[in-house]
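Trainee: Here you go, sequence then predicted model.
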Amino acid sequence: MAATPNLPQDYPIPNDTPYFFTFKNDYIFTEAMKDTKVLKGFLMCLTGIEEESIKNITVLPRHLNKDDPAQKLGILDCKLELNNDSIINIELQILCYPYWDSRSLFYISKMLTDQYREGPNGYSNIKRCIHVCILDFNYTDIEDDFYTVYRLRDDEYGLIYTNLLEIHVIQLKKRDAPGVRDKYPRLHRWTQLFSIKTRKELECMTEQDEYIKAAAQAMDDLNLDRDHREAAFYRFIQLMDEQTILAAQEEAKEATKRALEEADSYKEKAAIYKKEADNFKKEADNFKREADSFKKEADSFKKEADSFKKEATDLKEENNSLKKNFESAQTQLRSNLIIVLEQKFGALPDAALTIIHREIDMVKLNNWLTQAIFANSMVEFINGVPELTSAI
């Protein structure tokens, strides 16, 4: 492998630009695939076909035909025909464009339909189409689906509908997932050409098989060639610009989405507020009618309140009179009880007098008076009154 040259001062690539371009630069990748040995080795790795089975490889024009001026112009990274029976497109996609699945279907569908020619053998001469997508972003959420082959297949029995369409997807960001190296050893080695960062790493790859060695040599030669390196640099700048545009578009999309969501939210709120306003108007009319009714009732309540006030005053006076009469009756009943006891049995103990004076239950006082009248002694009376028995 040749040594890195000293670039002249007027070289157009800035000093802070990564000096070494790998296969992640689609210009470098496309140019390297023009080497028949590199292309053959990569096809053998992808298809599993042996070298002796490869009869011929024909590189085809990279532009897909346009059936209508309004159609998108498809430009492929590498398009070729293998053994006169298969057309293969290899496409490297670094940036995650929206609708990638639709885009890849468009490419492979055009590869199929471009083969049709009018006549009795228009369909019978259609060759197998293989679209290889090398992605530097995660197409699926599965952790280790580094390499996947999609075909038209029956859902129930798993039968292949046709072998004319195949889409191979390589997700470079899943290269280091657990088990990938053991499951896809050859493809894992090939994709190292996309992940290396220095020429020193590239030199180590010359110890691998002859096809990877040829690819590593082609990559190194392209990096050392002034014109190729300048073209790779401007492709690098173009990708950075596209990434900036995509980020701005995504940000604008999110901002538009948020604005639409807010507009829908405001619209819903406006409808709710209008409905509430209509309800408030109806309620206001009801409140006005009720207010008029309440005013009439209030006048009536005022008259009743005056009447209740007078009645309350009368009741209060009556209550005070009853209370005085009740307290007078209590006092008279206690006095009668004490007189009967003292006349029959002499002076009462202080504890008995205290209990009698504290008792306010007229029923008890009346029962105690009855017991005093019929008791034959003070002891008999005290034993008949539990409150006195426990205290004396």
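Mentor: Structure's in. What do you need?
Trainee: alpha carbons only for contacts and neighbour counts from here, please
Mentor: Will do.
Trainee: Which residue ranges of the stretch 51-200 of the chain form strands?
Mentor: Taking DSSP state E, counting those that start in this stretch, the strands of the stretch 51-200 of the chain run over residues 57-59, 78-82, 86-93, 128-135, 147-151, 165-171.
Trainee: Would you mind getting the angle between the fifth one and strand 165-171?
Mentor: For strand 147-151 against strand 165-171, the angle between stretch directions is 160 degrees (axes from the mean of the first three to the mean of the last three CA atoms, to 10 degrees).
Trainee: helices and strands around strand 147-151, which ones?
Mentor: The contact analysis (3 or more CA pairs under 8 Å, 6 or more residues apart in numbering; DSSP states H and E) places strand 147-151 against strand 165-171.
Trainee: Of the strands of the stretch 51-200 of the chain, which is nearest T244?
Mentor: Closest approach to T244 among the strands of the stretch 51-200 of the chain (CA to CA): strand 86-93, 15.7 Å.
Trainee: Direction included, what does that closest one pair against?
Mentor: Applying DSSP bridges, strand 86-93 is found paired with strand 78-82 (antiparallel), strand 128-135 (parallel).
Trainee: export the first one as PDB, just CAs?
Mentor: C-alpha atoms of strand 78-82 as PDB (Å, rounded to 0.1, in the frame of the first residue of the first chain):
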ATOM      1  CA  CYS A  78     -24.000   0.800  -8.900                       C
ATOM      2  CA  LYS A  79     -26.100  -1.100 -11.400                       C
ATOM      3  CA  LEU A  80     -25.000  -4.300 -13.100                       C
ATOM      4  CA  GLU A  81     -26.100  -7.500 -14.800                       C
ATOM      5  CA  LEU A  82     -24.900 -10.900 -13.500                       C
END
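Trainee: Name the residues of that strand that are buried.
Mentor: Residues 78-82 are the ones in strand 78-82 that count as buried (16 or more other CA atoms under 10 Å).
Trainee: Switch the strands paired with strand 86-93 over to TSV; also include distance to K269.
Mentor: Shown next, in TSV, are these (distance: least, CA to CA, whole Å):
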stretch	distance to K269
strand 78-82	55
strand 128-135	44
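Trainee: Ranked by average pLDDT, which of these falls at the bottom?
Mentor: Among these, strand 78-82 carries the lowest mean pLDDT, at a mean of 86.
Trainee: List of residues touching it?
Mentor: The contact list for strand 78-82, computed with CA atoms under 8 Å, 6 or more residues apart in numbering, reads 30, 33, 54-62, 87-91.
Trainee: tell me the least confident of these?
Mentor: Minimum pLDDT across the contacts of strand 78-82 falls on R62, with 55.
Trainee: Look at I212 and report its pLDDT.
Mentor: Listed pLDDT for I212 reads 92.
Trainee: Setting aside sequence neighbours, what's the nearest residue to it?
Mentor: W190 (6.5 Å; CA to CA, 6 or more residues apart in numbering).
Trainee: any idea how far that neighbour is from F29?
Mentor: For W190, the distance to F29 (CA to CA, to the nearest Å) stands at 12 Å.
Trainee: Settle it for me: which of the two has more neighbours?
Mentor: For W190 and F29, the more surrounded residue by other CA atoms under 10 Å is F29, and the numbers stand at 24 against 20.
Trainee: host element of the more buried one?
Mentor: Using DSSP states H and E, F29 maps to helix 26-32.
Trainee: Show me what that helix is packed up against.
Mentor: helix 210-224, helix 226-345.
Trainee: Could you save these as a markdown table and add columns showing mean neighbour count and distance to T389?
Mentor: Output for the helices and strands packed on helix 26-32, formatted as a markdown table (neighbours: other CA atoms under 10 Å; distance: least, CA to CA, whole Å):
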| stretch | mean neighbour count | distance to T389 |
| --- | --- | --- |
| helix 210-224 | 21 | 118 |
| helix 226-345 | 13 | 16 |
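Trainee: Serialize the ones you listed to TSV and add fields for distance to Q115.
Mentor: Below are those laid out as TSV (distance: least, CA to CA, whole Å):
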stretch	distance to Q115
helix 210-224	31
helix 226-345	31
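Trainee: My read is that Q93 contacts I134, right?
Mentor: Yes - counting by CA atoms under 8 Å, Q93 does reach I134; the two are 6.0 Å apart.
Trainee: Residues touching the stretch of helix or strand T370 belongs to, excluding its own?
Mentor: Assessed by DSSP H and E, T370 sits inside helix 362-374. Here helix 362-374 makes contact (CA under 8 Å, 6+ apart) with 330, 333-334, 336-337, 340-341, 356, 359, 381, 384-385.
Trainee: show me what contacts L46?
Mentor: Applying CA under 8 Å, 6+ apart to L46 gives the contacts L187.
Trainee: That one in helix, strand or coil?
Mentor: helix (DSSP: H, G, I helix; E, B strand; the rest coil).
Trainee: For it, report the pLDDT, please.
Mentor: Looking at L46, the pLDDT reads 88.
Trainee: now the one 4 residues further on
Mentor: pLDDT recorded at E50 is 85.
Trainee: how near is it to N367?
Mentor: To N367, E50 is 125 Å away according to CA to CA.
Trainee: Look up the closest residue to D144, ignoring the ones flanking it.
Mentor: Nearest non-adjacent residue to D144, counting by CA to CA, 6+ apart: A177, 5.5 Å away.
Trainee: Quickly note the distance from that neighbour to I94.
Mentor: With CA to CA as the criterion, A177 and I94 are 19 Å apart.
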